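Colleague: I'll drop the sequence and a predicted model, then ask my questions.
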Amino acid sequence: MQDFDTQAELIKLGRLLNAAEQDIAFLAEARAQDLRLLRKAMSHSLFNQGRKVFHKMAMGAKLLPHKLLVRTTAIYGPVLCARVASEMDPERAIALAVSLETEFLADVSIALDPESTRDIIRGIPVEQVIAVAHQLLARDDHITMARFVDSLSDEVLSQTLDSIDDDAALLHIGFFVEDKEHLNKAIVHVSDERLAGMVQVCEAQGLWAEILSLMEHMDQPTRMRLANVAGQQDEKIHLSLLKAIEAQDMWPLVLDMVDAMDEQYRPAIANLAAEQDDALLIRLFEVAKSYEMWPLVLKVLAAMSEQHQQHMAHLAHKVGENPEQRRLLAKKLGLLDALNPFLETYEEA
Amino acid sequence: MTQSLEQALGLEPGTLAFLEYFSEEEQARLLSLFETAQTGQRQRVDEAIESGLQIVPGFLRKTLRKILGSR
């Protein structure tokens, strides 16, 4: 299965180093947390480079009157301003930020180290945060936006996300956010209509990986809400999800989603899955074995029609599992009756 | 080789132990990418400082450069 957190880390590392995707492709085997450690160490080192100079400049900036300081920013440009800001007294830096044009501030935010400027970011008025967010959105700069999610307060984050109408952009930002728990606090307030919009955009723009990787980090009530919204969608959307499983090997994440949805929504997606290529269905059993996900797979099977269950039983036999073990597990899960056609055919096969 | 990258990043030996799973050539490539990023950033900052100094009278520029230690 693809690790989407690793994928997000690789993209962020590539951007930090200004490296092409193929230059760091060899790191795809690394765990996301290791890549995060590497990226943070590199980022810290790069941001600390020349720090003494920036500190001296910040000290010099103290002597300048506010208006002159604002004019100086245009001369020095966003990269240098971002570096000097991290050495400035936060109150002065906030006052300066408030006086800057949104476009310039967006340029500065790209070069800013959110970790060392957290106090400054948190002091900027929400209206200005929203304006900068929209400027970055217009540039499709989801990585910079995601970096700032970690630094914004819950309230400012919620207001900023509410101001973004583009559901696809929300998913792109979520994909790159490091502190998914923090993002989750904002998503808790997102309406079911908005969640439905996010699910529908997955079909339209092929963003299933983004939403499923985000779902992995959601709290249980929000996961259930999103899973139910996905379950309520039409066949076209469910089919798009199943095609994405095939292309991106996402059965484990989809099983988690089906598990989180109400039983009433499972048959539609389970039966549609049973009508797909055998290769996809055999992969389901392989995933059950490799990731010890038999309980979730049995729940999906229990939601299928009798005819589909029998077809699945023949395929399951090819994977060579012990039928008695499956019967015991089904009994333990209280799915024995629902799985009867599957288990009987399984044993006969 | 892992040690070289750790040294370049000012990290304790073993912090990036996971890099030992990659070949020496891959580790060298990573170090080279980091060094290129460092150089690029230094150039961008130097250019920004230099452009800022252009508004200062010539006789002060040299002194300011010395104070900032930028070049």
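Modeller: Yes, it's here. Numbering: from 1, shown residues only, chains lettered A, B, ... in the order given.
Colleague: What sits closest to the residue nearest in space to the middle of chain A if chain neighbours are left out?
Modeller: Closest to where the C-alpha atoms of chain A average out (CA atoms, centre = their mean) is A:Phe175, at 2.9 Å. Spatial nearest neighbour of A:Phe175, chain neighbours left out: A:Glu210 (4.5 Å); criterion: CB to CB, 6 or more residues apart in numbering or on different chains. Where you see a C-beta, it was placed from the backbone N, CA and C, and this is true even at glycine.
Colleague: tally of neighbours for the one you found?
Modeller: 24 (other CB atoms under 10 Å in any protein chain shown).
Colleague: Report whether the expected contact of it with A:Leu171 is present.
Modeller: Yes. Counting by CB atoms under 8 Å, A:Leu171 is a contact partner of A:Glu210 at 4.0 Å.
Colleague: Enumerate every residue touching B:Leu68.
Modeller: Residues near B:Leu68 by CB atoms under 8 Å, 6 or more residues apart in numbering or on different chains: A:53, A:56-57, B:49.
Colleague: Most neighbours among these, please name it.
Modeller: Neighbour counts for the contacts of B:Leu68 (other CB under 10 Å) peak at A:Met57, which has 23 neighbours.
Colleague: ok, and that one, which helix or strand is that part of?
Modeller: Assigned by DSSP states H and E, A:Met57 falls within helix A:51-62.
Colleague: Report all helices and strands that whichever helix or strand comes after that helix contacts.
Modeller: Using DSSP H and E, the helix or strand that follows helix A:51-62 in sequence is helix A:66-85. Judged by 3 or more CB pairs under 8 Å, 6 or more residues apart in numbering or on different chains; DSSP states H and E, the packing partners of helix A:66-85 are helix A:51-62, helix A:90-98, helix A:102-111, helix B:24-53.
Colleague: Out of those helices, which is closest to A:Asp119?
Modeller: helix A:90-98 (4.2 Å; CB to CB).
Colleague: Can you see whether that closest one contacts chain B, counting any residue in it?
Modeller: No. Helix A:90-98 lies out of reach of chain B by CB under 8 Å from any CB of the partner chain, never closer than 15.5 Å.
Colleague: tell me what that helix is packed against?
Modeller: So helix A:90-98, by 3+ CB pairs under 8 Å, 6+ apart, packs with helix A:66-85, helix A:118-123.
Colleague: Switch those helices over to TSV; also include mean pLDDT and mean neighbour count.
Modeller: Below are the helices and strands packed on helix A:90-98 laid out as TSV (pLDDT from 0 to 100; neighbours: other CB atoms under 10 Å in any protein chain shown):
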stretch	mean pLDDT	mean neighbour count
helix A:66-85	90	19
helix A:118-123	94	17
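Colleague: Which one, of those helices, ends up nearest to A:Asp192?
Modeller: helix A:118-123 (30.4 Å).
Colleague: quick one: the residue nearest to B:Ala37 when sequence neighbours are not counted from A:Phe26, how far?
Modeller: Once flanking residues are discounted, B:Ala37 sits nearest to A:Leu17: 4.6 Å by CB to CB, 6+ apart. A:Leu17 sits 14 Å away from A:Phe26 when distances are taken as CB to CB, to the nearest Å.
Colleague: Fine by me, thanks again.
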